[in-house]
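Student: structure for this input, please:
(chains A and B)
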Amino acid sequence: MSEVLVQRPTVRGGVGESVPRPDAVPKVTGRFDFLGDLHAEGMVWGATRRAWLPRARLVRVDVTPALTMRGVHAALTQDDVPGHRYQGQKVTDQPVLAEGEVRTWGEPVAVVAADDPETARRAADAIIVELDELEPLTDLDEALARGSVFRHVRVRRGDPDARGEVVVEDTYTTATQDPAALGTEAGLAVPDGLGGLDLWGPTQWTHVDRTQLAACLGLSPEQVRVQPCRLGGAFGSREDLSLQTHLGMLALRLGRPVKMVYDRTESFVGHVKRHGARMRYRHEADRAGRLVRVEAQLLLDGGPYELTSSAVVANSSYFALGPYRCQRVEVDGYALRTNNPPSGAMRGFGANQPCFAAEAQMDRLAEALGLDPLELRLRNAIGPGDHLATTGQLIEHPLPTAEVIRSVAAIPLPDALAPADDDPRRLPGGTGLTTPRDRVVRGVGYAVGLKNLQFSEGFDDYAEARVELTAEGARVHTAAIEVGQGMVTIIAQVVRSTLGVSQVEVAFDHTGRIGSAGSTSASRQTQMAGNAALEAATVVRTQALERLGGDHLDDAGVWRGEQLLAPLAELVADGPIEHHVRYRHRPTQQPDADGQGALHVDFCVAAHRAVVDVDPDLGLVRVVEIAIAQDVGRALNPQQLHGQIEGGIAQGMGHAIMEEVVLDAGVIRNASFTDYLLPTCLDAPEVEAVLVEQPSPWGPFGAKGMAELPTMSATPAVVAAVRAATGRALTRAPVRPEDVVGDLR
Amino acid sequence: MIVTLEVNGEPCAAEVAGFESLLWVLRERLGLTGAKDACLQGECGSCSVLLDGEVVCACLVLAADAEGARVTTVEGLAGGSEGELHLVQQAFVDAGAVQCGFCTPGLIVAAAHLLETRPGAGDAEVREALSGNLCRCTGYGAILRAVARAQSQATQGGAP
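Tutor: A predicted model of the protein is given here:
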């Protein structure tokens, strides 16, 4: 094993190239089967009956009227759950179907299966449900006062008596954001005739779904094969179960395949959202612009079930002040139990909300100090050798905070709106023709984001992969889920560059064929599935070379110097060379009572600059350009990196000026794409991106996970730019027109 | 009722209920699942198809109203064999305009129609033409670069 990995720069499709996705062609021709496109012989259609109150006593459910309808095959309630009646990724506190009390608007009460979706929908409506309305708990401060808390994260670090002369404080709010993946929840359950089943459902982690499904369906894990799914996006919303258990119950009851597809309105109540938050901040600095003290109280709206809220609030708390040094930090983060819609993971996982508040505080502090806002950030920027101001963890790996700030500042600003440019498509009012050119005000704002990579707080975080070398090339087996982000491309590139063989295919396996790859979240898979594949491929290569005494491998076969020892077909004549790896990153610690410890394996930073044009009379905003400098470790596929950056920015700017789940005493008032506004092509800003490459010492070929950062600090940068244009405080995201044109607070 | 129509150049007949949409008939009766169902309200464009040469949201067209119509879906855009790609399809692949791919079929249909009807459209015109097609993954940058790439190849008269 003295052979050191030799990178053959000649391999086609290796790391560093903008290799196209292997699934791009089926996707552009319409031949890529998403979950909703699946079909099984003899299948029936499921539908869900949901509660119409955010909180109520469940008095009676009578499915008889549904069962007597022609074409209806089953109607099931919580009494029909074959196994454990509660599910949940961390704590099993969510009833599969409502039991005793309805705790959120749209909670599933019963499910039906029928010959076609229309009959199923009518049957679900026909079920008699009696509710006795109860007062919902929807306010965060009230939830805190009542002790309705999933988790309190307490962080205390530094000298308690440290005080700064310059003080800024305020309360900030971020609304609930919907991940709004374009594919709605859909799935198919197919009984195997032996008591078990195969299940295709929206997921980011098949093995954690399997654990919950097996428990609720009363089966062994081996009897539940959670299949790799083809998702129309995820962004965190597929980390928790939606329709899977319902599909499994119906399929097992009927002994036939069952399919279910949510429509968009149902999807709004069917998946988790980014937590709405109320955040109270106090920043203190000395006259030299050094942060001395930060106090923060963070209230996150978890909805009625814990799901991933306990981990989300940890992220909020540990990244409460951004990538800055500070002498004294006091953070109290609370994930609160309410009757609002359930919240969970969404791109950034709790680090976004405090980033919005803390970056606004930094701007306020800069103003109070008479400093340039970037200069203030540079004076406090953390890097290797520093300790994270919250947890005290030593930063051991590259973390180019100052570099991303300087890089984004160096990107030339876009041209001013030309005085003669009256194309409405470039004005804030758009084609509504409401904005006179001469009323437009421009603003520029900055923000910096910091986030952890991978799972934290002592979680046993691993990913499995198996690499096989055959006469046709290499195949990588993994249970990791491709959600559209491009891991399927990256893993193949890593294996090509490791083996020297260009023909590499990624095979997505169900839960019975390979062990867990962990979740496709937390910016994990480039480093986790990527490193598992890299380690497996390294061993395969070594074995291949040792078999014939070769010194390198390529598509032709095994070579020693210039001599071809054997083609691949001959090398593997007795069977494929294969190796299986369970890759773990270095262990992390659990926090002590003060939230201290080496809780994270690594970190990532990015800096955004937003340029906006504002119509101050109508409060309309057009984001002209967003520049970003992004820490990436090393760019394995520049085109895909830019795709993640641009897509992440669109979600972050959406949350800055348009995206909000409008809640009215627990009821969603805008559960459709007519009313929940997503950025369109006309809203999307120009993006100027700089990749800052400081190779990770442990990522594959130096790469880092990165795809959450582009969303995180985009939101505060855009709102900072609107503040600069309007002079308003704007302590809430998204900014609404009335926040810009209303009375100055 | 029986509805007869031409889909991707082939004559088709389907038994449909009065409330069923063209999208439902394409996906569930004819097995053409390329057109998607992200909102079913005409807001997202994921179900875009050509109906007698015009881009429509198939979710908003009653199947019965498509009697006698000529429908082109993403599956039929390239015309020829399965391996062949339309200029716009190839440009989406090359420009990295595909991530999860759920919006892709609708965007391809809309972009191909734009390329045919307004080949010289400028940036703002392209954005307006595609603003009825929502994408949640890409932020549209790569999609706009794909359209520009297809436009430039079309004006050069070359195949991809």
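Student: phi, psi for whatever residue of chain B ends up closest to chain A please.
Tutor: Relative to chain A, the nearest point of chain B is B:Gly34 (2.2 Å; Cβ to the nearest Cβ). Just so you know, the C-beta spots here come from the backbone N, C-alpha and C atoms, and that holds for glycine as well. With angles defined as degrees, to the nearest 10, B:Gly34 sits at phi -60, psi -50.
Student: neighbours of the spatially closest residue to it that is not a sequence neighbour, just the number please.
Tutor: Spatial nearest neighbour of B:Gly34, chain neighbours left out: A:Gly30 (2.2 Å); criterion: Cβ to Cβ, 6 or more residues apart in numbering or on different chains. By the criterion of other Cβ atoms under 10 Å in any protein chain shown, A:Gly30 has 25 neighbours.
Student: what pLDDT does residue 10 get?
Tutor: Because you didn't say which chain, this covers chain A. With respect to pLDDT, A:Thr10 has a value of 75.
Student: was after chain B, sorry
Tutor: 96.
Student: ok, what's across the strand from it?
Tutor: When bridges are called by DSSP bridges, B:Glu10 pairs up with B:Val7.
Student: for it, give its distance to A:Asn315.
Tutor: 53 Å (Cβ to Cβ, to the nearest Å).
Student: got it, and B:Val3?
Tutor: In terms of Cβ to Cβ, B:Val3 sits 53 Å off from A:Asn315.
Student: the more surrounded of the two?
Tutor: A:Asn315 (26 against 21).
Student: that one reaches A:Leu450, doesn't it?
Tutor: No - using Cβ atoms under 8 Å, A:Asn315 makes no contact with A:Leu450, being 10.5 Å away.
Student: which residues are in contact with each of those two?
Tutor: Both A:Asn315 and A:Leu450 are in contact with A:Ala351, where contact means Cβ atoms under 8 Å, 6 or more residues apart in numbering or on different chains.
Student: what's the burial count for the residue of chain B closest to chain A?
Tutor: Under the neighbour criterion other Cβ under 10 Å, B:Gly34 is assigned a count of 26.
Student: correct me, but it touches B:Thr73?
Tutor: Yes - using Cβ under 8 Å, B:Gly34 is in contact with B:Thr73, at 5.2 Å.
Student: what do the two both touch?
Tutor: Common contacts of B:Gly34 and B:Thr73 (Cβ under 8 Å, 6+ apart): A:30, B:105.
Student: okay, which residue is most central for chain A?
Tutor: Central residue of chain A (Cα atoms, centre = their mean): A:Arg347, 2.9 Å from the mean position.
Student: sec struct for that one, please.
Tutor: Judged by DSSP: H, G, I helix; E, B strand; the rest coil, the three-state class of A:Arg347 is coil.
Student: can you check the pLDDT for it?
Tutor: 98.
Student: from A:Glu130, how far off is it?
Tutor: A:Arg347 is 40 Å from A:Glu130, by Cβ to Cβ.
Student: what residues sit buried inside stretch A:457-471?
Tutor: Using 16 or more other Cβ atoms under 10 Å in any protein chain shown as the test for burial, stretch A:457-471 gives A:457, A:459, A:461-470.
Student: er, stretch B:51-71 actually
Tutor: Neighbour-count burial for stretch B:51-71 flags B:51, B:55-59, B:61-64, B:66, B:69, B:71 (criterion: 16+ other Cβ under 10 Å).
Student: got a pLDDT number for the residue of chain B closest to chain A?
Tutor: B:Gly34 is given a pLDDT of 98.
Student: over to A:Thr434?
Tutor: A:Thr434 is assigned a predicted lDDT (pLDDT) of 87.
Student: hmm, A:Gly619 and it touching each other?
Tutor: No - in this structure, A:Thr434 is not within contact of A:Gly619 by Cβ under 8 Å, at 10.8 Å.
Student: okay, these two: which has more neighbours?
Tutor: A count of neighbours by other Cβ under 10 Å puts A:Gly619 above the other of A:Thr434 and A:Gly619, at 20 against 15.
Student: let me see the mean pLDDT of stretch B:59-76.
Tutor: Here the average pLDDT along stretch B:59-76 is 97.
Student: can I get it as PDB, trimmed to CA atoms?
Tutor: C-alpha atoms of stretch B:59-76 as PDB (Å, rounded to 0.1, in the frame of the first residue of the first chain):
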ATOM      1  CA  CYS B  59     -53.600  22.000 -16.400                       C
ATOM      2  CA  LEU B  60     -55.900  24.900 -17.400                       C
ATOM      3  CA  VAL B  61     -57.100  23.300 -20.700                       C
ATOM      4  CA  LEU B  62     -60.100  21.000 -20.400                       C
ATOM      5  CA  ALA B  63     -59.400  17.800 -22.300                       C
ATOM      6  CA  ALA B  64     -62.700  18.200 -24.100                       C
ATOM      7  CA  ASP B  65     -61.600  21.500 -25.400                       C
ATOM      8  CA  ALA B  66     -58.600  19.900 -27.000                       C
ATOM      9  CA  GLU B  67     -60.800  18.000 -29.400                       C
ATOM     10  CA  GLY B  68     -59.100  18.000 -32.800                       C
ATOM     11  CA  ALA B  69     -56.100  20.000 -31.600                       C
ATOM     12  CA  ARG B  70     -52.500  19.400 -32.300                       C
ATOM     13  CA  VAL B  71     -50.500  19.000 -29.200                       C
ATOM     14  CA  THR B  72     -46.700  18.900 -28.800                       C
ATOM     15  CA  THR B  73     -45.200  17.900 -25.500                       C
ATOM     16  CA  VAL B  74     -41.500  17.900 -24.400                       C
ATOM     17  CA  GLU B  75     -41.300  14.200 -25.500                       C
ATOM     18  CA  GLY B  76     -42.200  15.200 -29.100                       C
END
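Student: what's the burial count for the residue of the stretch 351-500 of chain A found nearest chain B?
Tutor: Using Cβ to the nearest Cβ, the single residue of the stretch 351-500 of chain A nearest to chain B is A:Gly484, 2.7 Å away. Residues lying near A:Gly484 (other Cβ under 10 Å) number 29.
Student: kindly report the same for A:Ala418.
Tutor: 10.
Student: wait, is it part of a helix?
Tutor: No - according to three-state DSSP, A:Ala418 belongs to no helix; its state is coil.
Student: check which helix or strand covers whichever residue of chain A sits closest to chain B.
Tutor: Of all residues in chain A, the one sitting closest to chain B is A:Gly30 (2.2 Å; Cβ to the nearest Cβ). Assigned by DSSP states H and E, A:Gly30 falls within no helix or strand.
Student: ok, and the closest non-adjacent residue to residue 150?
Tutor: I'll assume chain A. Nearest in space to A:Phe150, with sequence neighbours left out and distances taken as Cβ to Cβ, 6+ apart, is A:Ala335 at 4.2 Å.
Student: switch to chain B, please.
Tutor: In space, B:Ala150 is closest to B:Ala91, 3.9 Å off (Cβ to Cβ, 6+ apart).
Student: how about A:Ala684?
Tutor: Setting aside the residues directly before and after it, A:Ala684 is nearest to B:Tyr140 in space (Cβ to Cβ, 6+ apart), at 4.2 Å.
Student: okay, now that neighbour: neighbour count?
Tutor: Neighbour tally, B:Tyr140, other Cβ under 10 Å: 29.
Student: list the contacts of A:Glu185.
Tutor: Residues near A:Glu185 by Cβ under 8 Å, 6+ apart: A:201-202, A:242-243, A:260-262, A:266-267, A:270-271.
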